[in-house]
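> coords below, sequence missing:
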C-alpha cells in the first residue's frame, strides 16, 4: 500500500496532519499504536480538565465562605467522575474515527518502524504490514519520564496516567515536580480533601515562569494548606510497606499514602528507527529537524517528538504548516510566533512570549507594567483577588504577557494577538474594552507605568 502522506501518531498533531492532508487531496494513511487522540485526549490535557471542571465549585464555595457570603459542603464522587471521563473519551475517539473515515484516511493500529527512506512496517498482534509513502509525518509525541531512583512502580509511586485512573482519593500525596502536571493534579486532589506535599528541585513553583509568578503560587498554596519544598533534590522515591517514601539527597524523608512523579517527559521514538529513513535523533531521542521541520528528504517531525515545544497546540500549528509545505503551498521556513501556554486550576498561570529571564539573557533591555487583580471587578466578585497581569516591553512594543490568578487562562488568546502584533500602548486605545470583564486587567497592565526590570 502506497500513500502520498503517511502520518505516525494520532495525537493532536498527527490527527490534524492526517485530516489536512486528506482534505488537500492526498492519499493519506495514519498509524497509531494505541488510541486515537493520543496522550492529550486519553491520558493528559482532556481528562485533567474534566476533573478540574467537575470539582470547580469547591474553590468557588471556599472563596465565598471566606467572605462570609455563603456556607455549605460539597461531596464529590470520584468513581462517577471516572465513569463520565471514560464515556466522554470513548465518544470523542468514536467521533474522530468517523471523521477520518469520512475523509478517506486509512487507519492502521500498531507500532511503526522505518525500513527505508520511503517505507515502514506496522506491527501488531496479527502480524506486520508494509507501507510505502512519498512523504511521512512523525507525530509520536512524548511520554512520562523519571530520573533514576524515581521511576513509577504503579503501586505507591505513580505517573500522570496512573493517577487519572484512581477511584479513591488518597489521604496524602507527594507530588514531585511543580510544573503544569504537578500543579494541576495537586489542585484536583486538594479539592477532594487530599493533603498535598509538592517537591520541586528548582527554587520555586512553576520554574519555567518568572519568579514573581512562582511567588504568588507559593504563597497562595501555602495558605491552602499545601506543604511546599523547593530547591531540594530528591535521591529516591519508592514504595515501602504500602506507603510512598521520598528521600532527599540530605537524607531527610517524607511519607505519604501515594505519590505522583510529574517531573518531565521523554520522546516516544524508541523502535521508530528514524535513521533508516535518513533522520537522526539527539539527546534522549528527540528527532532532529531543519528549519522546515524536516528530519530527512522524505520525513517531517512535528509536536513533542522534535523537542521544540511540548504543547498540544504547538503540534497542531506545526501540522498545518507541514501539510502546506509538502503540498508545495509554501516554501518558507516554519515560524511559530509567540507561544501561548497555561497552567489550569483555580489559581491559573498564563504566558505568551518571552520571560524576563529569557529577554535579559539575550542582552535585551526590558520594561514591565503590571496590574493587580485586586483592582479588577470580576476578580473581586469571585473573591479571588490574588495575582496580577504583567506586560513586558522591548523598545516600546509588547514582547511578552504573563498572568497568575483566578481565570487568567481566559486572557490567553487576546494576549497572543497583542504579543504577535507587537502592540504599542497606542494600539491598546484603538479598541473598546468591555466592562466589567477580566479582560480589563490586560488593558490596565498595558497602560500602567513601566519600570525597568
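Looks like it arrived, so ask away. Being a predicted model, the structure only gives us computed values, none of them experimental.

> could you work out the end-to-end span of stretch 202-210 for me?
Using CA to CA, to the nearest Å, the end-to-end distance of stretch 202-210 comes out at 13 Å.

> now do stretch 62-81
Counting by CA to CA, you get 21 Å between the two ends of stretch 62-81.

> contacts for that stretch?
For stretch 62-81, the surrounding residues in contact (CB atoms under 8 Å, 6 or more residues apart in numbering) are 50-51, 54-55, 57-58, 61, 166-169, 191-192, 382-384. The way it works is simple: take the backbone N, C-alpha and C, and place the C-beta from them, glycine included.

> give me the buried entries from these.
Neighbour counting with 16 or more other CB atoms under 10 Å marks 50-51, 54-55, 58, 166, 169, 191-192, 382-384 as buried within the contacts of stretch 62-81.

> ok, back up a step: the contacts of stretch 62-81: which two are farthest apart?
167 and 383 (32.1 Å; CB to CB).

> quick one: the helices in the stretch 51-200 of the chain, in order.
For the stretch 51-200 of the chain, applying DSSP state H, counting those that start in this stretch gives helices covering 57-66, 78-103, 160-163, 180-191.

> now the shortest one, how far from the centre of its chain.
Taking CA atoms, centre = their mean, to the nearest Å, the mean C-alpha location of helix 160-163 is offset from the chain mean by 15 Å.

> list the contacts of that helix.
Residues from elsewhere that reach helix 160-163 (CB under 8 Å, 6+ apart): 43-44, 144, 152, 154, 181, 185, 189, 258, 260, 262.

> the same query, at a cut-off of 7 Å, please.
The contact list for helix 160-163 (CB atoms under 7 Å, 6 or more residues apart in numbering) reads 43-44, 144, 152, 154, 181, 185, 260, 262.

> how about stretch 302-309?
So stretch 302-309 is contacted by 11, 13, 17, 137-142, 267-269, 286-287, 289, 293, 310, 314-315, 318-319, 322, 339 (CB under 7 Å, 6+ apart).

> residue 146 against residue 152, yeah?
Yes - the criterion here is CB atoms under 7 Å, and residue 146 meets it with residue 152 at 6.3 Å.

> so what sits against both of the two?
With CB under 7 Å, 6+ apart as the test, residue 146 and residue 152 both reach residue 261.

> which of those two has more residues huddled nearby?
Neighbour count, other CB atoms under 10 Å: between residue 146 and residue 152, residue 152 has more, with 21 against 18.

> which of the contacts of stretch 302-309 fall within helices?
In helices, judged by DSSP state H, the following of these are found: 13, 17, 314-315, 318-319, 322.

> turn the helices of the stretch 51-200 of the chain into CSV, including mean pLDDT and distance to residue 389.
As requested, the helices of the stretch 51-200 of the chain are exported to CSV (pLDDT from 0 to 100; distance: least, CB to CB, whole Å):
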stretch, mean pLDDT, distance to residue 389
helix 57-66, 92, 19
helix 78-103, 96, 32
helix 160-163, 90, 29
helix 180-191, 96, 19
